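Enquirer: Structure here, sequence nowhere to be found:
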């Protein structure tokens, strides 16, 4: 959630713009001001990531207020909402993110919000990069980097143990459970010895890169006390929480999640214990694709078809879902695209399984052929 502050000396204009922002659930309006003096007095106690303001204000101009903000808080996104086009150049010279002319359309405001989200994500990554040296990659291949150099683990089991801890931070894990999942085919005594060895190697590796004492043992339980690290899995989880909370998540948020997910968790790592975790993330991935398809099918045909092809690739023989996708395309007036999807499905079904589509799908295809002609 991006916290925002609004300033306009006209109460009605302020109220109107606040109502416009209500359509964007990713923006949370923290406070509104009609007085620059009051705003500046409260500034030291406020936390926000974006500020929307008018150029023409009393006491100080909007340009002067923006200059103060960018000097004291350079990471804050400044957006001017005004009827005066002649100050745009000065606004951009100060470092404003956008300059929007009144009256404001929803489509124009969408672009502004997308820019704010993009800037916000960059600021978050920069903040993380300055606070930590450890970067953990879980999607595609599990890898750990310290100061941009790949961390070499003593053994593959040491690396796998760290991967398990990364997926289960701040959770007590019984010693015997770790033995069971990491060395299921060994006798208990030998497996226990292997665990102690792997833990010793892992602690030494973490100590050398500045992460001491983050693995705690107490009463047969290990806890990985998550240090301040950059991890693509944690980033995905946080963004997906935002996605799940919003009734109408933005396409930029969906794209952010998908770009992190890539091809899935531990794609090139054979960790049997991670299967349930992979399945859970895959469900999240499908949710993102489906919402992306629904969001773009009436406005961005090319992107909608990219989402749809990814969905069908994941579950190519699910006729119930295919029917839903075809009906959605038809409702959007994309009859040609729907027909191509059906024809591709029919060919794949015949080649792979020697089957024909259901009667319902055949009926849909007949209507599509008639409409296409």
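Expert: Sure thing, it's come through. Please read all numbers here as calculations on a predicted model, not as lab measurements.
Enquirer: all contacts plus neighbour counts: C-alpha atoms, from now on.
Expert: Fine.
Enquirer: can I assume residue 135 sits in a strand?
Expert: Yes. Counting by DSSP: H, G, I helix; E, B strand; the rest coil, residue 135 is part of a strand.
Enquirer: For residue 320, see how far away it is.
Expert: 41 Å (Cα to Cα, to the nearest Å).
Enquirer: Comparing those two, which shows the higher neighbour count?
Expert: residue 135 (22 against 11; other Cα atoms under 10 Å).
Enquirer: dump the residue contacts of that one.
Expert: Contacts for residue 135 (Cα atoms under 8 Å, 6 or more residues apart in numbering) come out as 144-146, 148, 229-231.
Enquirer: And the contacts of stretch 247-260?
Expert: Under Cα under 8 Å, 6+ apart, the answer for stretch 247-260 is 25-26, 114, 117, 139, 232-233, 235-236, 239-240, 243, 285, 288-289, 291-292, 295-296.
Enquirer: Among those residues, which are located in strands?
Expert: Of the contacts of stretch 247-260, none are assigned to strands by DSSP state E.
Enquirer: Can I get the buried part of those as one ChimeraX selection?
Expert: A single ChimeraX command is used to select the members of the contacts of stretch 247-260 judged buried by 16 or more other Cα atoms under 10 Å:
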select :25,26,114,117,139,232,233,235,236,239,240,243,285,288,289,291,292,295,296
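Enquirer: how close does residue 197 sit to residue 174?
Expert: When residue 197 is compared with residue 174 (using Cα to Cα), they lie 16 Å apart.
Enquirer: contacting residues around residue 27?
Expert: 1-4, 21.
Enquirer: who does it bridge with?
Expert: With DSSP bridges as the criterion, residue 27 is bridged to residue 2.
Enquirer: burial measure for residue 90, as a count.
Expert: Quick note: residue 90 (other Cα under 10 Å) scores 11 neighbours.
Enquirer: gap between it and residue 151?
Expert: Distance from residue 90 to residue 151, by Cα to Cα: 47 Å.
Enquirer: Show me what the helix or strand of the chain with the lowest mean pLDDT is packed against.
Expert: Counting by mean pLDDT, DSSP states H and E, the chain has its least confident helix or strand at helix 106-131, which shows a mean of 82. The helices and strands touching helix 106-131, judged by 3 or more Cα pairs under 8 Å, 6 or more residues apart in numbering; DSSP states H and E, number zero.
Enquirer: how about residue 112, what does it touch?
Expert: Per Cα under 8 Å, 6+ apart, neighbours of residue 112: residue 98.
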